[in-house]
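Asks: Following is a predicted model, sequence given first.
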Amino acid sequence: MVGLARRGEIELDCPFCGKAKVKVFHKEGYMQARTSRISAGAKTKRFAVPDYYEVLEDCSSCGAKRKDIQASFQGNYKKKMSHEEWIEILRKRGLPLVLGSTQKSSIKKRDK
């Protein structure tokens, strides 16, 4: 391994409100060497290991959960949508919101 790869707890701003500090465990990125050995000889390849953040507590100001803050730092946070927002998206796509109500009545009429 090349580099110091320092570790420790630090405080970062909350990504949602920006007002409060959130306690985070930070491990600094470093360069790592991997050696592969074959009969023709050995080759060493170096690659970068990125920084690692692990959130230790929830936000005291906005109430954001640890899991959501962690996802935001990693870049894969998705906003949770309300029921009304889902219904609106389904309407825009043209999907039926009431399922099966017209089909049952048409089947009963055919049977008589």
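Replies: Nice, thanks for sending it over.
Asks: What is the neighbour count of the nearest residue to C59 once chain neighbours are set aside?
Replies: What sits nearest to C59 in space, not counting adjacent residues and going by Cβ to Cβ, 6 or more residues apart in numbering, is C14, at 4.4 Å. Every C-beta, even on glycine, is put in place using the N, C-alpha and C of the backbone. Per other Cβ atoms under 10 Å, the neighbour tally for C14 reads 20.
Asks: And the one 5 residues further on, by the same measure?
Replies: By other Cβ under 10 Å, 11 other residues sit near K19.
Asks: Wait, a strand at it?
Replies: No: applying DSSP: H, G, I helix; E, B strand; the rest coil, one finds K19 to be coil, outside a strand.
Asks: Specify the local secondary structure of the nearest residue to it once chain neighbours are set aside.
Replies: For K19, ignoring the flanking residues on the chain, the nearest one in space by Cβ to Cβ, 6+ apart is S61 at 4.6 Å. Taken by three-state DSSP, the conformation at S61 corresponds to coil.
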